[in-house]
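Engineer: Sequence and computational prediction follow.
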Amino acid sequence: MNIFVSRVVPLLFVGFIFCLFILIKAGDVKASDAGKDSANGLALSDMQVKITSKGKTAVFRLYDTVAARQFYDQLPLSLDLSNFRDAQWMFYPPQKLSVAAEEAYHDGKKGELSYYEPWGDVFMLYKDFYAGDEMHRLGIGLSGVDDIAGMSGEAVIQKFKPNKATGKTVMQIKVQANGQEVVFELNDSQASKDLYAQLPIDIKVENYSSNEKIFYPAKKLGTANTPLVKSARTGTLAYYAPWGDVVMFYGSFGSASGLYELGHAVQGSENIRKLSGTIRVEK
């Protein structure tokens, strides 16, 4: 009996400690996963991809999936684009990607980067798209979503790492109203800094013409070192100095005297036209 106790009790104690360790580690993993950014039920990774064609560029943030990592590992690539059903540009990476059945979906949204396993093609959606067959998400558009439609021919697909070596803080602002949200990334101009310094604000947004939403910050913005708008398009954020209003474009415009560029939408540009009433503008 003494021999049994001397042998078995230590083993039981070691087993208890091992199980406790596993439970603690499992808890750590869950806590870590909970802290990750996510979209569409999938965790987002730090991997970003830039796709350029015909002078148009779109940047995507990839999900933390096996397929997304396999795609990322094949970059850089130069491949021909093919159009499919006037809604997507697709290309064929040299190696097929491994997908998980539980990650499949059917309703594609503009700005998504996805993969169709039966054909082995990666595609960028520039319109909402429904497919009866299963698709698999690879990433979400961070910028240039409205430029995807203008692409064609050869595309350069490469890894993208935002430049953090300069030590400069990237200014981003969020505009919210009516359950809609738009995120703008500001340039490093004086006007942008003056606007940023006034935030957060709750302010009335107004319609102007057929392609603009405007609001008037309390203090006018300085325009030193601020570039003029060369060609406004959906997602352009600008400042019209003669009137002192900030302009959010949801359609193409071009340029005008006294119209200065502040930045561009990196998320939710399609929501600009839906903003109304009092908006919340914050860092």
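Structural biologist: Nice, thanks for sending it over. Numbers count the residues shown, from 1 in each chain.
Engineer: Please identify the helix or strand for residue 43.
Structural biologist: Secondary structure assigned from DSSP states H and E places residue 43 in strand 42-53.
Engineer: Could you name the helices and strands sitting against that strand?
Structural biologist: With contacts defined as 3 or more Cβ pairs under 8 Å, 6 or more residues apart in numbering; DSSP states H and E, the packing partners of strand 42-53 are strand 56-63, helix 66-73, strand 129-143, strand 154-159. Yep, even glycine has a C-beta here, placed from its N, CA and C like the rest.
Engineer: Any regions of the stretch 101-250 of the chain where pLDDT drops low?
Structural biologist: Low-confidence segments of the stretch 101-250 of the chain, defined by pLDDT under 70, span residues 163-169.
Engineer: For it, just list every one of the helices.
Structural biologist: Here the stretch 101-250 of the chain has its helices, by DSSP state H, counting those that start in this stretch, at 190-197.
Engineer: OK, contacts around the residue nearest to the spatial centre of the chain?
Structural biologist: Averaging the C-alpha coordinates of the chain gives a centre point, and the residue nearest to it by Cα atoms, centre = their mean is residue 142 (2.6 Å). When contacts are counted by Cβ atoms under 8 Å, 6 or more residues apart in numbering, residue 142 touches 48, 59-61, 266-267.
Engineer: The residues you listed into JSON lines, with extra columns for pLDDT and neighbour count?
Structural biologist: Formatted as JSON lines, the entries for these read as follows, by pLDDT from 0 to 100; neighbours: other Cβ atoms under 10 Å:
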{"residue": "48", "pLDDT": "94", "neighbour count": "17"}
{"residue": "59", "pLDDT": "91", "neighbour count": "18"}
{"residue": "60", "pLDDT": "94", "neighbour count": "25"}
{"residue": "61", "pLDDT": "93", "neighbour count": "21"}
{"residue": "266", "pLDDT": "84", "neighbour count": "19"}
{"residue": "267", "pLDDT": "84", "neighbour count": "20"}
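Engineer: Leaving out sequence neighbours, find the closest residue to residue 132.
Structural biologist: The spatially closest residue to residue 132, leaving aside those adjacent along the chain, is residue 106, at 7.0 Å (Cβ to Cβ, 6 or more residues apart in numbering).
Engineer: I'd guessed that neighbour sits against residue 129; true?
Structural biologist: No: Residue 106 is beyond contact range of residue 129, at 9.3 Å (criterion: Cβ atoms under 8 Å).
Engineer: Now that residue 205 has come up, it's in contact with residue 272, right?
Structural biologist: No: counting by Cβ under 8 Å, no contact exists between residue 205 and residue 272, whose distance comes to 9.7 Å.
Engineer: quick one: which of the two has more around it?
Structural biologist: Between residue 205 and residue 272, counting by other Cβ atoms under 10 Å, residue 272 is the more crowded of the two (24 against 20).
Engineer: mind pulling up the phi and psi values for that one?
Structural biologist: Recorded main-chain torsions at residue 272 are phi -60, psi -50, according to degrees, to the nearest 10.
Engineer: Was I right to think residue 172 contacts residue 266?
Structural biologist: Yes: with contacts defined as Cβ under 8 Å, residue 172 counts as touching residue 266 at a distance of 7.3 Å.
Engineer: Having no further points to raise, I will conclude here.
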